[in-house]
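Peer 1: Predicted structure and sequence below. I'll ask about it afterward.
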Amino acid sequence: MSHLWRRHRHWLAPTLFILPGALLFGVVIILASIETIWVSFFDWDGVGPMQWVGLANYEQLFADPQFYVSLKNNVIWLAMFMLAPPLGLALALLLNQAIAGMKFLKSLFFVPLVLASVTVGVVFTWVYDPTFGLLSLIYGWFGATAPALLSDEHLVSFAVVIAALWPQVAFCLVLFLAGLNNLNEDLIGAGRVDGARGFAMLLHVVLPQLREVSFIALAVTIIGALRSFDMVAVMTSGGPFGSSTVLAYQMYEQSIFSYRFGYGAAIATVLFAVMAVFIAWYLRTLLRPEQETA
Amino acid sequence: MYPRPIPETARPARAAYVALVAAVLVLWLLPLVTVMLTSLRSFEEVMAGNYWGWPKSFNFIENYTAVFKQTALARYFVNSLIVTLPSVIGVLVLSTLTGYVLSRHRFPGNRLLFALFVGGNFLPAQIMMIPVRDLMVGLGLYDTYLALIIFHTAFQTGFATLFMRNFIAALPDELFQAARAEGASPWQTLWHVVVPLIRPALAALAILTFTFVWNDYFWAIVLTQSDAVKPVTAGLNNLRGEWVSAWNLVAAATIMVAIPPVAMFFLMQRHFIAGLTMGAVKG
Amino acid sequence: MQRNTDSMAGVALATTRRRFMIGTGAVLAGGLLARPAIAQARELTIISNIGNADQRTVLQRLADEYAKASGVAVTINNMDHEAHKTAIRSYLVVGAPDICFWFSGNRMKAFVKRGLFDDISDLYEREGYKDVLGATTGALTVDDRQYGLPLGGLLWGMFYRKDVFEEKGWTAPATIEDLLKLGEQARSAGMVPVSMGTKEMWPAAGWFDHMNLRIGGLEKHLALMDGKLPYTDASLKPVFDKWEELIRADLFTPNHTSSGWEQAAAALAQKKAAMMDLAGFIKYGFPPDEVDQLAYVPFPVIDPSIARYEDFSLNSIHIPKNGKNKQDARDFLAYFYKPENLAAFLEAESAVPPRNDCPPSKDPLINAAVESMKTVVGTAQYYDRDTDPDMAQEGLKGFQEFMVKPERRDQILERLEGTRKRIFKE
């Protein structure tokens, strides 16, 4: 027995190591997600029997104007979220000084990152309130009336995204500060000798060294944008009249409030397809350098 | 360092700089500060519409004790801890194992497996909502701590595997060659070589996972129904419904809910930054 | 999260006989631990999602009293009102409680049709409920069998502040013309005529209900709710014409989609608005010492030839088919449903008691509603309770959109008609 084990442990042990994690993840996450794709071919109210309808849910979905509103909002989220990495970098550049007390101040900047999105949503709903909100207060100082951001079908998504950017920028800030701490001092010194300063230095010497951090910041930001759900649910419930829904929220709404689990599953599947593109890109970039060295 | 450090001799410049940072910080945290202030207001003041001005009276003790006395918030706190701590431990153990194998062992399907972990971790929660709930109901775990612990452990293992694999892959090859040369078993290698070196990563991962699990709201409402199990985020939403316009109390509860992850973060900040630096930067 | 009409009003309590799970010693919550451990064999767990603390206190007291008298261990679990709506669909099938709270009418029927609620006609018989409930029984009846007990009824209508109306010399509007006139007066006094918060959408649908009941009458309204009348039907045109007129007359709060009903009620309390369309739970938007200023008046008459129909939403309590302790569940219901107990429970949300033998209330809002109910000829429940939930979701959205963009009427109604056809399979 022990002989057998000894002979095979080079592959048995790793298999045993990876099994619990792989099984758990495989069953609870991967299989469940695949099952959702299966459910999307059924008409199902979540309680009664499931009825096979083939592609009918998808046909309805592509004819549903709400679907295109959600899709458009996902694009807005994606585009606006692209601001998070540069803003995070800018903040990081501002904060990257070794002065007494800076450490504490820096960590205060990270606080939004650890807040629950429910909290962020509640806080920003209060900021935007057209009668009592902080925004209306600020507009009031200039004698103007604040727009009711969460009531305006054209502005609402932007307002929600700005709230969501708060923790996202904090996240990028943490990454970039870490990156800046890891810069190669020799290269910076060489740059300084060559007379590079300010923006040129940033562009030609610093940023190239931050490539990996930037990639992670970008990838996590993109995927965060596509996954957006909590903020929409807490701040607007997709309103006014569905103008701020995103795919994730529309899926939830259709399943939970309209009892259309099959249809909701179809939306989830489409969202999955969109995300798969980005996930594939991320994985490719992540794995490519290793392939080259391998 | 970049940007160029402000020299220690330039005292006024340093003072001006700190003042500037402080000003930006105030703006940055303004929304949160106002919630804190609101949590101190009296109900009358909130009803009168004073949401952003300086509170007329400070009701710190009244409001915060009201939150605990009139609701099951204390119970929710305990629930959140009972769910979060085992999840964090589970994630650390599982991802150390998976990360080690995926980074240090070549086998067919390694890449695919890793891709599944990473890809799955990026999926939106909604896509697995229906099947996961059915699964937990089927296992008889619906509305138990275990349902949340299992789900969170499974889900966070995806991200954690990415994190640990990158971290362990960045450890010097020589260590592993040496271990192999000495005939160390995979388990010995893991326990005596890897684990001592990945402590900062474990610390960082612990706090990240803690934050993610603690802050989860979606699964809290999908997988639980009773007060005895419900985590604090779902509890917070209860309060929003219960205290229709008692924003001062909702604000107080909001602050209470935010305290554990913020405290965790401040306590383990060094590890957090160190872990991210190595995990993300060298990845 | 979205919240519907029953948000405050709703009372959902579910008694769950749950598996005691690993690691929690706290399942036996509250006073139960203090009880001697002898008669713990029988148990009854209750989940409530009651919106206000007062009402929960009453329920806890009744449960404790019942537990003491019967020796049955009663546990109350509190749930979020919205989350409960989702959870009930799982727990009725797997892990059903012994008792749960829900809504009468269509929402109940959906579960009755799937065989998830127990037939409690025997309890009606035993306790003689039909005699004290009268016509209300109908909302709990499917095919001549009863599947639940009615709880508080919420009578919808207009609320205003007595002191404000007195000070300004206004009278509560009886007709829609009065309301329009009041609108002008309120605006010139710098107030919003009708406080409206449609963030959760249902208040807009309620307004539609009330206009449709006043213009089209009950029969047509119910046909629409049952999916038998197209949303593009010509008979709905006057409703939307009139509604558009009110919107264009700036009767409602600007930017109403930003605020929930709570904020809208607060505006009424703060004398920033003159009136509001809601039910008795409006008092939760008021400081406790100002509640007595609240007064009720029915939604204004539009077409005098139409009889008085109102939205009267009725919450209810049920025994799930898959519950395990059906006998004790019945006994608990009988105890809970005693006139004095029920009245104490309902007092907290200013709901109209369904029993005619409840002791008279001290709450003027309840008494006003009880009094007003005497002239009501027929009732609907509320848009999102009367129609299919899928339809309701689209309808709520559509009405909210109409209140902001009345010019999109045709587009909205065509969309709703498309949804109606899909759901009711025409």
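Peer 2: Ah, there it is. Numbering: from 1, shown residues only, chains lettered A, B, ... in the order given.
Peer 1: make it CA atoms for all contacts and neighbour counts henceforth
Peer 2: Fine.
Peer 1: And the helices in the stretch 51-200 of chain B, which stretches?
Peer 2: B:60-70, B:73-104, B:110-121, B:129-138, B:145-169, B:173-181, B:186-188, B:195-197, B:199-215 (DSSP state H, counting those that start in this stretch).
Peer 1: which of these sits most buried?
Peer 2: Most buried of the helices of the stretch 51-200 of chain B by mean neighbour count (mean count of other Cα atoms under 10 Å in any protein chain shown) is helix B:145-169; its value is a mean of 25.
Peer 1: name the element A:Phe158 belongs to?
Peer 2: helix A:156-181 (DSSP states H and E).
Peer 1: rewinding a little: dump the helices of the stretch 51-200 of chain B into CSV; add distance to chain A and mean pLDDT as well.
Peer 2: Below are those laid out as CSV (distance: least, Cα to the nearest Cα, whole Å; pLDDT from 0 to 100):
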stretch, distance to chain A, mean pLDDT
helix B:60-70, 16, 83
helix B:73-104, 5, 94
helix B:110-121, 6, 88
helix B:129-138, 5, 84
helix B:145-169, 5, 92
helix B:173-181, 11, 89
helix B:186-188, 6, 86
helix B:195-197, 14, 91
helix B:199-215, 5, 87
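Peer 1: Tabulate those helices (TSV), appending distance to B:Val250.
Peer 2: Formatted as TSV, these follow (distance: least, Cα to Cα, whole Å):
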stretch	distance to B:Val250
helix B:60-70	8
helix B:73-104	11
helix B:110-121	32
helix B:129-138	28
helix B:145-169	25
helix B:173-181	53
helix B:186-188	50
helix B:195-197	43
helix B:199-215	16
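Peer 1: thinking again about what came up before, is any part of the helix holding A:Phe158 close to chain C?
Peer 2: No. Shown here: helix A:156-181 not in contact with chain C (Cα under 8 Å from any Cα of the partner chain), separated by at least 10.0 Å.
Peer 1: Tell me the helices and strands packed up against that helix.
Peer 2: With contacts taken as 3 or more Cα pairs under 8 Å, 6 or more residues apart in numbering or on different chains; DSSP states H and E, helix A:156-181 sits against helix A:65-81, helix A:84-95, helix A:102-114, helix A:117-128, helix A:211-227, helix A:230-235, helix B:269-276.
Peer 1: Go through the ones you listed and find the least confident stretch.
Peer 2: Lowest mean pLDDT of the helices and strands packed on helix A:156-181: helix B:269-276, a mean of 69.
Peer 1: tell me the centre residue of the chain?
Peer 2: Since no chain was named, I'll use chain A. Nearest to the centroid of the C-alpha atoms of chain A, with distances taken as Cα atoms, centre = their mean, sits A:Gly224, at 0.6 Å.
Peer 1: my bad, chain B
Peer 2: B:Thr211 (1.1 Å).
Peer 1: right, and it touches A:Val114 too?
Peer 2: Yes. With contact defined as Cα atoms under 8 Å, B:Thr211 and A:Val114 form a contacting pair (6.2 Å).
Peer 1: which neighbours do these two share?
Peer 2: Overlap between the contact sets of B:Thr211 and A:Val114, as judged by Cα atoms under 8 Å, 6 or more residues apart in numbering or on different chains, is given by B:Pro261.
Peer 1: now what about the helix or strand hosting C:Arg409, what contacts it?
Peer 2: If you go by DSSP H and E, C:Arg409 is part of helix C:409-423. By Cα under 8 Å, 6+ apart, the residues outside helix C:409-423 that reach it are C:Gly227, C:Pro230, C:Tyr231, C:Thr232, C:Asp390, C:Met391, C:Glu394, C:Gly395, C:Gly398, C:Glu401, C:Phe402.
Peer 1: run the last query once more with 7 Å
Peer 2: C:Gly227, C:Pro230, C:Tyr231, C:Thr232, C:Met391, C:Glu394, C:Gly395, C:Gly398, C:Phe402 (Cα atoms under 7 Å, 6 or more residues apart in numbering or on different chains).
Peer 1: Next, the buried residues of it.
Peer 2: Residues C:Arg409, C:Ile412, C:Leu413, C:Arg415, C:Leu416, C:Glu417, C:Thr419, C:Arg420 are the ones in helix C:409-423 that count as buried (16 or more other Cα atoms under 10 Å in any protein chain shown).
Peer 1: one step back: and the helices and strands packed on helix A:156-181: which comes nearest B:Arg41?
Peer 2: Distance to B:Arg41, taken as Cα to Cα, is lowest for helix A:117-128 among those, at 15.0 Å.
Peer 1: is that closest one anywhere near chain B?
Peer 2: Yes. Using Cα under 7 Å from any Cα of the partner chain, helix A:117-128 reaches chain B at A:Thr119, A:Val123, A:Val127.
Peer 1: Return that helix as PDB; C-alpha atoms alone will do.
Peer 2: In PDB, the C-alpha atoms belonging to helix A:117-128 read as follows (Å, rounded to 0.1, in the frame of the first residue of the first chain):
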ATOM      1  CA  SER A 117     -22.500  48.000  -2.200                       C
ATOM      2  CA  VAL A 118     -25.800  48.300  -0.400                       C
ATOM      3  CA  THR A 119     -24.100  50.900   1.800                       C
ATOM      4  CA  VAL A 120     -22.700  52.800  -1.200                       C
ATOM      5  CA  GLY A 121     -26.100  52.700  -2.800                       C
ATOM      6  CA  VAL A 122     -27.900  54.100   0.200                       C
ATOM      7  CA  VAL A 123     -25.300  56.800   0.700                       C
ATOM      8  CA  PHE A 124     -25.500  58.000  -2.900                       C
ATOM      9  CA  THR A 125     -29.300  57.900  -3.000                       C
ATOM     10  CA  TRP A 126     -29.100  60.400  -0.300                       C
ATOM     11  CA  VAL A 127     -26.500  62.500  -2.200                       C
ATOM     12  CA  TYR A 128     -28.700  62.600  -5.300                       C
END
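Peer 1: right, is that helix up against chain C?
Peer 2: No. In terms of Cα under 7 Å from any Cα, no part of helix A:117-128 sits within range of chain C; the closest distance is 8.9 Å.
Peer 1: Remind me what that helix packs against, helices and strands.
Peer 2: On a contact count with 3 or more Cα pairs under 7 Å, 6 or more residues apart in numbering or on different chains; DSSP states H and E, helix A:117-128 meets helix A:134-141, helix A:230-235, helix B:11-38.
Peer 1: Please enumerate the helices of the stretch 1-150 of chain C.
Peer 2: Secondary structure of the stretch 1-150 of chain C (DSSP H, counting those that start in this stretch): helices at C:6-9, C:53-70, C:81-91, C:106-113, C:121-127, C:129-133.
Peer 1: what helices or strands is the second one leaning on?
Peer 2: Spelled out, it's helix C:53-70. Using 3+ Cα pairs under 7 Å, 6+ apart, the elements in contact with helix C:53-70 are strand C:73-78, helix C:339-347.
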